[in-house]
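*Asks:* sequence first, then the predicted structure, then my questions.
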Amino acid sequence: MESSANSLFLLLPTEIHLTVLGHCESFTHALALATTCTQLWSTWNTHRKAVLYLIGRNSIVAFDDALVAVRATDIAERQYQALALRASGVELSKDEQPPDNINVRKLEPQFSPPSIEEIARVFDLKHLVDYMLYVGHETKSLHIGCLQSTSSLSLPRTCDVSPLGDQDSQEPSPQVLDFKVCSSMYRFFMVSAVLSKTYWEPLFADDPRASRVRNALTGSLPFGMVENNPSQIQLDFQTRRLLEADISYICQWPCYNTERASPRQLDGVFGDLAEYLIEKGRKEAPDSPEPQESQESSSDRRDIRAASVVQLVMAIITCHEFFWCSAQQQLAGASHWAPRILTVHQTGISYKKIPAIFLGIHSVLDFYVPATFPELQRHHNIQLDVRQIGFGKDDVALRQVSLLRLYRTIYRRTTGHNNPDPGYTDLPFELGFFEYLLERNFGTKVLFTWGYGSSNYSNFMSQGMAFRSVEQFKNDIPGLLAKYR
């Protein structure tokens with residue numbers, strides 16, 4: 001009987017076989033099934049890309065957002081490489097030029113199905129997100145990972161903090177929570193990548209001040225010399241100072257001076273990405289068809305749709321804070337060791353190397369993540385390097401800039417303070433895009449307190465309350481946002 005059932009299964013159309021393979025929980029499970037007979041193995045080899053895509057779509061929550069983040073990161077790296085090559089005296093052919101701007105909509109899979117390499121990178125990015133959620137929960141008590149039900153990493157202890165805070169309203173379903181958490185994580189990486197060129201371009205303009213700023217934000221030694229003399233590279237970087245004229249030059253650019261830039265200027269640098277996120281937030285709102293003015297509930301529906309957009313923004317900001325709190329020391333190190341960070345890998349642990357761009361640093365970083373869950377349990381620390389992105393004229397290594405120091409310098413110049421303290425109630429400077437989106441489209445600004453990992457860290461952030469139901473989040477908005485005056 002069993003043999004007869006197997007034979008009947010093999011008589012089914014290839015499309016059915018692909019669907020069954022694609023609904024396996026993982027690549028490993030699909031491969032195990034494919035090796036059970038010659039016919040399935042032939043289907044696997046002939047349609048491997050389609051099978052991997054189906055597995056990704058069925059096993060990775062918010063797969064499309066992860067794919068967009070992977071593609072945006074790749075384009076951003078090529079954009080920086082092109083800027084650095086031109087600055088080093090190397091001219092690129094037309095075919096070598098990356099897109100001037102990243103059109104996020106065209107990065108979605110309906111415009112271009114993913115390659116096998118891109119699918120593999122999506123799996124890696126999911127691994128990084130799972131890893132960070134685990135580390136943040138276990139080492140910093142940030143209760144976002146415990147909201148998930150589909151994470152491949154099981155928390156080793158029972159969470160004793162009520163997820164989403166104490167509330168009487170019904171919490172979102174596990175599926176909705178999973179999507180909110182995962183999509184926000186991936187969108188954080190996407191936003192970081194898309195905005196990077198906006199902040200890089202002023203440093204590569206044809207102006208001697210741009211060159212001085214760029215050199216101040218990189219080390220003077222090539223990559224190959226860092227391992228030989230790390231103390232010299234640190235000393236050299238610390239002795240470089242940004243002049244007042246250099247800061248004045250940078251503050252002429254709208255992205256670096258959102259307070260004085262005109263709405264039209266900010267629309268030019270931030271508008272397309274803001275429209276994309278607003279469109280996403282409206283589509284993801286519950287019961288979100290376009291309201292009709294004649295409907296009695298049209299005003300409330302518009303409010304829900306607006307609340308959904310604001311929630312999407314606040315969730316991405318939560319991810320920014322989450323990553324910084326989970327890896328504050330390592331990410332801050334990436335902003336000071338401009339040419340290269342020296343990783344110290346643990347004996348007996350294998351690592352995945354996963355590229356990512358972080359908002360506020362805007363260097364392309366390589367995260368080294370323990371490859372398996374048992375290895376992660378043995379070693380929680382985060383390892384990362386500034387990515388080597390190629391060589392310019394005379395085979396000199398291209399150096400990356402790190403913008404966090406520039407952000408803090410501008411902040412000190414405009415406020416007279418060194419860093420935002422736990423009571424600082426404006427968005428950090430590097431989150432100017434979100435400030436623009438909220439003010440321009442909703443006339444609001446963020447009010448809640450920031451803490452960067454201190455004991456004063458907001459409950460709203462640490463308990464993942466940005467991921468609650470839209471209806472409940474709508475009630476939170478008056479306590480989180482205030483009208484601009």
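*Replies:* Structure received.

*Asks:* count the residues that sit near C255.
*Replies:* Neighbour count of C255, defined by other Cβ atoms under 10 Å: 20. No exception for glycine: its C-beta is placed from N, CA and C like everyone else's.

*Asks:* how about it, what does it touch?
*Replies:* L195, T198, Y199, P202, A261, V269, F270, G432 (Cβ atoms under 8 Å, 6 or more residues apart in numbering).

*Asks:* go on, R57?
*Replies:* Each residue near R57 by Cβ under 8 Å, 6+ apart is listed here: G22, F63.

*Asks:* helix or strand right after the helix or strand harbouring it?
*Replies:* According to DSSP states H and E, R57 maps onto helix 48-59. Per DSSP H and E, helix 48-59 leads on to helix 63-87 as the next helix or strand towards the C-terminus.

*Asks:* quick one, the helix holding R57 and helix 63-87 angle?
*Replies:* Angle, helix 48-59 to helix 63-87, by axes from the mean of the first three to the mean of the last three Cα atoms, to 10 degrees: 120 degrees.

*Asks:* any buried residues in helix 48-59, and which?
*Replies:* Residues of helix 48-59 classed as buried by neighbour count (16 or more other Cβ atoms under 10 Å): R48, V51, L52, Y53, L54, I55, G56, R57, S59.

*Asks:* state the mean pLDDT of that helix.
*Replies:* Helix 48-59 carries an average pLDDT of 77.

*Asks:* what separates it from the chain centre, distance-wise?
*Replies:* 22 Å (Cα atoms, centre = their mean, to the nearest Å).

*Asks:* and for stretch 140-153?
*Replies:* With Cα atoms, centre = their mean, you get 17 Å for stretch 140-153.

*Asks:* give me the contacts around that stretch.
*Replies:* The contact list for stretch 140-153, computed with Cβ under 8 Å, 6+ apart, reads 61, 126-127, 130-131, 133-134, 136-137, 155, 159, 161, 163-164, 174-175, 177-178, 181-182, 318, 322, 325-326, 373, 376, 453, 461-464, 467.

*Asks:* can I have the buried ones of these as a PyMOL selection?
*Replies:* Command for PyMOL that selects the buried part of the contacts of stretch 140-153, burial taken from 16+ other Cβ under 10 Å:
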select buried, resi 61+126+127+130+131+133+134+136+137+163+164+177+178+181+182+318+322+325+326+376+453+461+462+463+464+467
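
*Asks:* in helices, which of the contacts of stretch 140-153 fall?
*Replies:* 126-127, 130-131, 133-134, 136-137, 174-175, 177-178, 181-182, 318, 322, 325-326, 373, 376, 461-462 (DSSP state H).

*Asks:* in this protein, which spans are strands?
*Replies:* Remark: strands assigned in the chain by DSSP state E are 351-357, 364-370, 383-386, 444-446, 481-483.

*Asks:* between those strands, which one is nearest to H17?
*Replies:* Checking these against H17 by Cβ to Cβ gives strand 351-357 as the closest, at 30.3 Å.

*Asks:* what's that closest one packed up against?
*Replies:* Under the contact criterion of 3 or more Cβ pairs under 8 Å, 6 or more residues apart in numbering; DSSP states H and E, strand 351-357 touches helix 63-87, helix 116-140, helix 174-200, strand 364-370.

*Asks:* redo these as JSON lines? Include mean pLDDT.
*Replies:* Formatted as JSON lines, those follow (pLDDT from 0 to 100):
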{"stretch": "helix 63-87", "mean pLDDT": "94"}
{"stretch": "helix 116-140", "mean pLDDT": "89"}
{"stretch": "helix 174-200", "mean pLDDT": "93"}
{"stretch": "strand 364-370", "mean pLDDT": "88"}
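
*Asks:* quick one: which of those is nearest F473?
*Replies:* helix 174-200 (10.1 Å).

*Asks:* what comes up buried for the closest one?
*Replies:* Buried residues in helix 174-200, defined by neighbour count with 16+ other Cβ under 10 Å: 176-200.

*Asks:* which neighbouring elements make contact with that helix?
*Replies:* Contact partners of helix 174-200 among helices and strands, from 3+ Cβ pairs under 8 Å, 6+ apart: helix 63-87, helix 116-140, helix 263-283, helix 298-326, strand 351-357.

*Asks:* centre of the chain to it, how far?
*Replies:* Centre-to-centre, helix 174-200 and its host chain are 4 Å apart (Cα atoms, centre = their mean).

*Asks:* between that helix and strand 351-357, how big is the angle?
*Replies:* Going by the same axes, to 10 degrees, helix 174-200 makes 60 degrees with strand 351-357.

*Asks:* how's this structure carved up into domains?
*Replies:* Per automatic domain parsing, the structural domains of the chain span 10-59, 63-483.

*Asks:* can you say which of those is packed in most?
*Replies:* Comparing those by mean neighbour count (mean count of other Cβ atoms under 10 Å), domain 63-483 ranks first with a mean of 18.

*Asks:* how near is S141 to L155?
*Replies:* Distance check for S141 against L155: by Cβ to Cβ, to the nearest Å, it reads 12 Å.

*Asks:* just to revisit the earlier point, just so I know, which of the strands of the chain lies nearest Y276?
*Replies:* Among the strands of the chain, the nearest to Y276 by Cβ to Cβ is strand 351-357 (17.2 Å).

*Asks:* the closest one pairs with which strands, and in what direction?
*Replies:* Sheet pairing of strand 351-357 (DSSP bridges) gives strand 364-370 (antiparallel).

*Asks:* for the contacts of C255, give me TSV that also has distance to P478.
*Replies:* Formatted as TSV, the contacts of C255 follow (distance: Cβ to Cβ, whole Å):
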residue	distance to P478
L195	29
T198	32
Y199	32
P202	37
A261	28
V269	30
F270	25
G432	23
